[in-house]
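Participant: sequence below, structure please.
(2 chains)
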There are 2 protein chains.
Amino acid sequence: MALTAPTRAHPLYQERDPRRVREAIRRKEWRWGTAGLVPGYTQANLVLLPKSDAFDFLLFCLRNPKPCPLLEVTDPGDPEPRRTAPGADLRTDVPRYRVFRDGEVMDEPYDISPYWRDDLVGFLLGCSFTFEHALQQAGIPVRGLEGDRPTFSAYTTTIPCTPAGRFRGRMVVTMRPMTPADAIRAVQVTARFPQAHGAPVHIGDPAAIGIADLGRPDFGSPVEVRPGEVPVFWACGITPQVVARESGVGFMITHYPGHMFITDLRDEETALS
Amino acid sequence: MALTAPTRAHPLYQERDPRRVREAIRRKEWRWGTAGLVPGYTQANLVLLPKSDAFDFLLFCLRNPKPCPLLEVTDPGDPEPRRTAPGADLRTDVPRYRVFRDGEVMDEPYDISPYWRDDLVGFLLGCSFTFEHALQQAGIPVRGLEGDRPTFSAYTTTIPCTPAGRFRGRMVVTMRPMTPADAIRAVQVTARFPQAHGAPVHIGDPAAIGIADLGRPDFGSPVEVRPGEVPVFWACGITPQVVARESGVGFMITHYPGHMFITDLRDEETALS
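Facilitator: Numbers count the residues shown, from 1 in each chain, chains lettered A, B, ... in the order given. Here you go, the predicted structure:
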C-alpha cells in the first residue's frame, strides 16, 4: 500500500460522520494524517500507559493543561473510550501509532493489538486540529489546511513543563503564520477551546522559545511564513512523546504525530460559551 | 475552649490576608466554619488519600467535575499545597478534619499530624463559598451569609456520581433560596466559576433529587425559604465524604463540612472571562 498521503480529492475528506471515518481507519483504508478530516469534530492525541504510571501522568496532565488537556481517561484494560466515542477501539482506530520502550520509539505500527496489555490506561488529550476549524469559521486562513495535502508544523521548544512524579520534559508547540490582526483575533477564538490547547503560548520570536529554524519542524512539515506575518505558537499534544524520551518512560504507546483519534464530540461541546 | 461559633463581630471576619487567616487556624484560634472569611479568596474542600487510591480518586474527580473541581493535587507525602498556598500545611491549616476508616468517621480532630502518612496525596477541590462572594457582588442576596453566624445548607441527593475504580456514591448539593429572577442571574454568575462547582445542578423541586425536607439539611444548618423563592442547588465538595461511606474507602481524611482550607488564589484567577 502506498503511504504517500492522498490529496484533498480523496472521498474521506467529504465524510461528515466521525464513526464512518473511524471505520475506514479501523479497516486500514486510511493510514495518514487526520488534519482536515470531519471538520467540527474533536480530534485527540492518544497516550497509553500502564496503571503503575497512570497517576503520575494524570497529575502531569493536570499541571500542564495547555499541552495536555484531558478529554477522557479510560479504565485500566478498557480499550473503548466510552465517553467520547462509544463503540470505538483505541487499539485499531488511530491511523498509526508509536510504541516507546525506555523512552525510545521501537515500533510505528498501524494496529497495536499485539502490544495491548490489561493494565493499560488510555488518555485522550485535546488537539489543535479542533480549533483550526473554528479559526477558518472566523475567517482566519490556516495555511496548513490550504495545500493539496493538509499538514501541520510542530517544534520542540525550551519551555519546561511542570514535572509530576517521573514525568518531565519540554513543551512541543504547533505554529501557524498569520497577520497581526488575525493573530489577535486568533487569541480570542482559540481561548474558547481550553480542551484543544486554548490560547497561544507565544507570538513572535521563535528563538525566544528555543526554535532555531521555522523551516525545519520536528514534527509534520514546514508551512510558509509570508512577509508581514507573525508566527503564532500553541501548546501541542505531541508533548508527551518528548516527555517519554526525556523521562525514559518504560512503556508507552501514543498516536503517530498528526495521526489522531477522532471522537464523537462536536467542537462546540467542549467550547466555552 | 468554647466551640460555639463566634458571631460576625469576631475580628477574623475583617482580615483580608488569607495567610493570616491560615495562621490563626494553625494556632487553633479559629476552629469553626469558614463561610464569610476572606471574601474574594478561593476556599477548598480537602481530601487526603493513600497513593494506592489516588489514581482512582483523581479519575473520579475528572468524571465528576461539578462536585469535585480540582484546584490542586499534591505530590505523595507532601503536606504543602505548593501551587495554591505556598508555605501552608494541610495537616494543621484546616479548622477541623474528619478521619474515615472503612468508610466510617472515626475521629474529628483539629490537627491531623498524628494521622499523617508519607503516602498521602492531597486533593483540593473548589468550594461554593467562592461564588457566594460573586453572587453578593452581583447584588444577589445569599441567605446563609446574612445572619449573625455565617452558615450553609447541604443535602445528600439521589443523583449518582459517575464511578471510577472503587469510588462511587451519590452527590451532595448546597441549596440557596432566591427569587426566580435572581436564580436566572445566579446561573450566569456561577457558570463563570467551573472550579467552584459552576452552574447549578437543579432548580425547584427538592423531591426530584431525593431531598425530603429542606428544613433538615444533612450538613450545615437550615436556611429559610421565603414565599416566592425557589431553592437553587449546586454540586458540593462534601460529596467525597458520602462517597467514602458508600464505597467503604479504607483510609481517608477530609475537612469537617464547612471548615474549609483557604488558598491564596483570588476567585477571579479561576473564573472564566
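Participant: residue of the stretch 151-273 of chain A closest to chain B, please.
Facilitator: residue A:272 (6.0 Å; Cβ to the nearest Cβ). No exception for glycine: its C-beta is placed from N, CA and C like everyone else's.
Participant: the stretch 1-150 of chain A now?
Facilitator: residue A:55 (3.9 Å).
Participant: check which residues of the helix or strand where that residue lies are buried.
Facilitator: In the assignment (DSSP states H and E), residue A:55 maps to helix A:51-63. Going by neighbour count (16 or more other Cβ atoms under 10 Å in any protein chain shown), the buried part of helix A:51-63 is A:51, A:53, A:54, A:55, A:56, A:57, A:58, A:59, A:60, A:61, A:62, A:63.
Participant: what's the answer for stretch A:20-33, then?
Facilitator: Buried residues in stretch A:20-33, counting neighbours by 16+ other Cβ under 10 Å, are found at A:21, A:22, A:23, A:24, A:25, A:26, A:30, A:32, A:33.
Participant: swap in stretch A:125-139?
Facilitator: With burial defined by 16+ other Cβ under 10 Å, the residues of stretch A:125-139 counted as buried are A:125, A:126, A:127, A:128, A:129, A:130, A:131, A:132, A:133, A:134, A:135.
Participant: measure that stretch end to end?
Facilitator: 26 Å (Cα to Cα, to the nearest Å).
Participant: cool, and stretch A:149-158?
Facilitator: Stretch A:149-158 has an end-to-end distance of 29 Å (Cα to Cα).
Participant: with stretch A:136-144 instead?
Facilitator: End-to-end distance for stretch A:136-144, by Cα to Cα: 11 Å.
Participant: contact partners of that stretch?
Facilitator: A:35, A:39, A:132, A:135, A:145, A:150-153, A:176-178, A:182, A:185-186, A:189, A:220, A:223-224 (Cβ atoms under 8 Å, 6 or more residues apart in numbering or on different chains).
Participant: so how far is it off the chain centroid?
Facilitator: From the chain centre to the centre of stretch A:136-144 is a distance of 18 Å (Cα atoms, centre = their mean, to the nearest Å).
Participant: mean confidence for that stretch?
Facilitator: What stretch A:136-144 shows for mean pLDDT is 94.
Participant: now do the buried residues in the helix or strand containing residue A:184.
Facilitator: In this structure, residue A:184 sits in helix A:180-191 according to DSSP H and E. For helix A:180-191, a neighbour-count test (16+ other Cβ under 10 Å) marks A:182, A:183, A:185, A:186, A:189, A:190, A:191 as buried.
Participant: residues contacting that helix, please?
Facilitator: For helix A:180-191, the external contacting residues (Cβ under 8 Å, 6+ apart) are A:131, A:134-135, A:138, A:140-141, A:176, A:178, A:196-200, A:203, A:230, A:232, A:234, A:272, B:273.
Participant: then it to PDB, C-alphas only?
Facilitator: Extracted in PDB, the C-alpha atoms of helix A:180-191 (Å, rounded to 0.1, in the frame of the first residue of the first chain):
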ATOM      1  CA  PRO A 180      -1.000  40.600  13.400                       C
ATOM      2  CA  ALA A 181      -4.700  41.400  13.100                       C
ATOM      3  CA  ASP A 182      -5.600  37.700  12.600                       C
ATOM      4  CA  ALA A 183      -3.200  36.800  15.400                       C
ATOM      5  CA  ILE A 184      -5.200  39.000  17.800                       C
ATOM      6  CA  ARG A 185      -8.500  37.500  16.700                       C
ATOM      7  CA  ALA A 186      -7.000  34.000  16.800                       C
ATOM      8  CA  VAL A 187      -6.100  34.500  20.500                       C
ATOM      9  CA  GLN A 188      -9.800  35.200  21.200                       C
ATOM     10  CA  VAL A 189     -11.100  32.400  19.100                       C
ATOM     11  CA  THR A 190      -8.800  29.700  20.500                       C
ATOM     12  CA  ALA A 191      -9.200  30.900  24.100                       C
END
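Participant: mind listing what the next helix or strand after that helix pairs with, with the direction of each?
Facilitator: Later in the chain than helix A:180-191, the nearest helix or strand by DSSP H and E is strand A:202-203. Sheet pairing for strand A:202-203, assigned by DSSP bridges, gives strand A:230-235 (antiparallel).
Participant: so how far is the following helix or strand past the partner strand from its chain's centroid?
Facilitator: Per DSSP H and E, strand A:230-235 leads on to helix A:239-247 as the next helix or strand towards the C-terminus. Per Cα atoms, centre = their mean, the displacement of helix A:239-247 from the mean C-alpha position of its chain is 14 Å.
Participant: can you pull out the residues in contact with the following helix or strand past helix A:239-247?
Facilitator: Counting by DSSP H and E, the element after helix A:239-247 in chain order, helix or strand, is strand A:251-255. Contacts with strand A:251-255, where a contact means Cβ under 8 Å, 6+ apart, come from A:45-50, A:53, A:94-101, A:112, A:115, A:120, A:240-241, A:244, A:261.
Participant: same question for stretch A:91-103.
Facilitator: Stretch A:91-103 is contacted from outside by A:22, A:25-26, A:30-34, A:46, A:79, A:85, A:105-113, A:115-116, A:241, A:244-256, A:259-262, using Cβ under 8 Å, 6+ apart.
Participant: for the stretch 151-273 of chain A, what lies in contact range of chain B?
Facilitator: A:164, A:165, A:191, A:272, A:273 (Cβ under 8 Å from any Cβ of the partner chain).
Participant: measure the first one to residue B:85 for me?
Facilitator: When distances are taken as Cβ to Cβ, to the nearest Å, residue A:164 and residue B:85 turn out to be 18 Å apart.
Participant: and those two? Which one has more around it.
Facilitator: Neighbour comparison, residue A:164 and residue B:85: the larger count goes to residue B:85, with 25 against 20 (by other Cβ atoms under 10 Å in any protein chain shown).
Participant: tell me the confidence at the nearest residue to residue A:69 once chain neighbours are set aside?
Facilitator: Once flanking residues are discounted, residue A:69 sits nearest to residue A:126: 4.0 Å by Cβ to Cβ, 6 or more residues apart in numbering or on different chains. pLDDT for residue A:126: 96.
Participant: following element in sequence after the helix or strand of chain A with the lowest mean pLDDT, please.
Facilitator: Of all the helices and strands that make up chain A, helix A:129-137 has the lowest average by mean pLDDT, DSSP states H and E, namely a mean of 91. Next helix or strand after helix A:129-137 toward the C-terminus (DSSP H and E): strand A:153-160.
Participant: for the buried residues of helix A:180-191, give me JSON lines that also has pLDDT.
Facilitator: Putting these into JSON lines (pLDDT from 0 to 100) gives the following:
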{"residue": "A:182", "pLDDT": "94"}
{"residue": "A:183", "pLDDT": "93"}
{"residue": "A:185", "pLDDT": "93"}
{"residue": "A:186", "pLDDT": "94"}
{"residue": "A:189", "pLDDT": "94"}
{"residue": "A:190", "pLDDT": "95"}
{"residue": "A:191", "pLDDT": "93"}
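Participant: can you give me the neighbour number for the nearest residue to residue A:8 once chain neighbours are set aside?
Facilitator: Spatially, and ignoring its direct neighbours in sequence, residue A:8 is nearest to residue A:148 (5.7 Å; Cβ to Cβ, 6+ apart). For residue A:148, the count of nearby residues is 10 (other Cβ under 10 Å).
Participant: surely residue A:148 is in contact with residue A:5?
Facilitator: No: under the criterion of Cβ atoms under 8 Å, residue A:148 makes no contact with residue A:5, lying 9.2 Å away.
Participant: measure stretch A:63-71 end to end?
Facilitator: Span of stretch A:63-71 from end to end, Cα to Cα: 15 Å.
Participant: okay, buried residues for it please.
Facilitator: So stretch A:63-71, judged by 16+ other Cβ under 10 Å, has buried residues A:63, A:64, A:65, A:66, A:67, A:68, A:69, A:70, A:71.
Participant: just put those residues in CSV and tack on pLDDT.
Facilitator: Below are the buried residues of stretch A:63-71 laid out as CSV (pLDDT from 0 to 100):
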residue, pLDDT
A:63, 96
A:64, 97
A:65, 96
A:66, 96
A:67, 98
A:68, 98
A:69, 97
A:70, 96
A:71, 96
